[in-house]
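Student: here's a sequence, model it:
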Amino acid sequence: METSLIEQLEAALASKDVTRRAAILRKVTDLFVVGSGKFNDDQIELFDDVMSRLLDNIEHAVRVQFGDRIARIPDAPPRVVRTLAFHDAIEVAGPVLEHSERLEPQTLVEVAKAKGQDHLLAISGRKILPEDVTDVLVERGNKAVVVRTVRNAGAAFSALGMSSLVEKARSDDDLALRIWSRPDIPRQDLVKLFVDVSEAVKGQLEEADPRRVNLIRAAMTEASARVQADARIGSDDFAQAETLVKQLHASGLLDESQLSKFAGEASFDKVTVALSLLADLPLGSVERVFVQQQTDQIIVLARALDLSWATTVALLLLQAGANGSSRQQLDVCFANFSRLQSRTAQTALQFYRLREKAVGTSTQTSLQPGNGYRRQ
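Tutor: Prediction:
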């Protein structure tokens, strides 16, 4: 069969008339489409070489037609597909970027970093989008690209990507609605999304999804404890973290070194459960300290528990999430940490405990050394 195939391809290339290149390419493409699924690697490589040569100096319309035909063929010649993917014209690149199974994730990343919004929009519609690809789409994409990526059920998001999405949603009501509809949003990002979301979006969510009416009402009344509690339900990661940390606490092994280790692992669940037990505070209250980005509250907790500055930095970095903390911000935090006396912090913490017991965890308050606490 291989000899026959070579003879057919050589015959197709025999003509030296440049004006006939389009007809020759169509003939070669027809030959490949008919035999797709039956060729071995060497034969596909031969088609790759011939098609690549024919694509040079060919009319734009023919190249567009060729790309559309080759995009959905599972065993399409990989080098040709890659060439089409990097083409500047979206009419040429679009079909393979959206449909071709022959494009490696790394190639998609390269295209997404190098090309414009039309190319990114095509990539965002692929059946499967791995995390390294969505990271670039979320970072570089315009609203249309980001929304289409979020709507894609086959898209996977890294912790960085999801955190960036939640941050973007603070000023984009439509994006917030799209993110909320995804089943894979991590619990801490779900909590943060609804702490920051606008009142207009809360109303839309309540109207659009009756099954979550109680959740939305809790957010609208600033009683985010119910949001957090519902977000924990069914979370295997949280259940495992809670069991581990409570076992350590019961055996007397939950200390600063363990807390620092959890923070270094960027484990939101382990850190918040551990601080809740060490500080004798409701878990929901501790979670809000992290999702509301109130660094002073972290410092009060750290000083009240006699934590070192190194451990406090680890907690601040976990609170900051994907955006991180600048050296200048950490310098300000260190000044506050050094200035705050442990006894003052412990007094503030005790006031906070009493307040929580008196009014329940539905009231949101902040640790404020010197001023007791204030409503959020």
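
Student: where does the residue lying closest to residue 273 once chain neighbours are set aside fall, secondary structure wise?
Tutor: With sequence-adjacent residues excluded and distances taken as CB to CB, 6 or more residues apart in numbering, residue 273 is closest to residue 245, at 4.4 Å. Using the backbone N, CA and C atoms, a C-beta is placed for each residue, glycine as well. Element membership of residue 245, judged by DSSP states H and E, is helix 236-250.

Student: show me what the next helix or strand after that helix is in contact with.
Tutor: The helix or strand immediately downstream of helix 236-250 is helix 256-264, counting by DSSP H and E. By CB atoms under 8 Å, 6 or more residues apart in numbering, the residues outside helix 256-264 that reach it are 245, 248, 270-271, 274-275, 278, 305, 307-308, 310-311, 314-315, 317-318.

Student: among these, which pair sits farthest apart?
Tutor: 248 and 317 (22.0 Å; CB to CB).

Student: between these two, who's got more neighbours?
Tutor: residue 248 (19 against 15; other CB atoms under 10 Å).

Student: that one reaches residue 254, doesn't it?
Tutor: Yes: the criterion here is CB atoms under 8 Å, and residue 248 meets it with residue 254 at 4.2 Å.

Student: give me the common contacts of the two.
Tutor: residue 274.

Student: if we can go back for a sec, which helices and strands does the helix holding residue 245 pack with?
Tutor: Contacts defined by 3 or more CB pairs under 8 Å, 6 or more residues apart in numbering; DSSP states H and E place helix 236-250 against helix 268-279.

Student: excluding its backbone neighbours, what's nearest residue 314?
Tutor: Looking at residue 314 with CB to CB, 6+ apart, the closest residue is residue 263, at 3.6 Å.

Student: and the one you found, how far is that from residue 241?
Tutor: Relative to residue 241, residue 263 is positioned 13 Å away (CB to CB, to the nearest Å).

Student: which one of those two has more residues nearby?
Tutor: residue 263 (24 against 20).

Student: show me what contacts residue 90?
Tutor: Applying CB under 8 Å, 6+ apart to residue 90 gives the contacts 118-119, 122.

Student: for it, phi and psi?
Tutor: Reported as degrees, to the nearest 10, the phi and psi values for residue 90 are phi -70, psi -30.

Student: picking up where we left off before, mind checking pLDDT for the residue nearest to residue 273?
Tutor: Here, the pLDDT recorded for residue 245 equals 95.

Student: what does residue 295 give?
Tutor: 85.

Student: low-confidence regions, the stretch 51-200 of the chain specifically.
Tutor: Within the stretch 51-200 of the chain, the stretches with pLDDT under 70 are 187, 195.

Student: can you do 80?
Tutor: By pLDDT under 80, the low-scoring segments of the stretch 51-200 of the chain are 56-57, 186-200.

Student: that one: helices as residue ranges?
Tutor: Here the stretch 51-200 of the chain has its helices, by DSSP state H, counting those that start in this stretch, at 60-70, 78-85, 90-99, 105-114, 117-123, 131-140, 143-151, 159-169, 173-180, 187-196, 199-208.

Student: redo the ones you listed as a markdown table? Include distance to residue 31.
Tutor: Output for the helices of the stretch 51-200 of the chain, formatted as a markdown table (distance: least, CB to CB, whole Å):
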| stretch | distance to residue 31 |
| --- | --- |
| helix 60-70 | 12 |
| helix 78-85 | 14 |
| helix 90-99 | 19 |
| helix 105-114 | 26 |
| helix 117-123 | 27 |
| helix 131-140 | 33 |
| helix 143-151 | 35 |
| helix 159-169 | 42 |
| helix 173-180 | 44 |
| helix 187-196 | 51 |
| helix 199-208 | 52 |
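
Student: of the ones you listed, which is nearest residue 299?
Tutor: helix 187-196 (20.0 Å).

Student: and residue 74, its phi and psi?
Tutor: Torsion angles, degrees, to the nearest 10, at residue 74: phi -60, psi -30.

Student: give me the number of residues near the residue lying closest to it once chain neighbours are set aside?
Tutor: Leaving aside its chain neighbours, residue 74 sits nearest to residue 101 (5.3 Å; criterion: CB to CB, 6+ apart). Residue 101 has 15 neighbours, counted by other CB under 10 Å.
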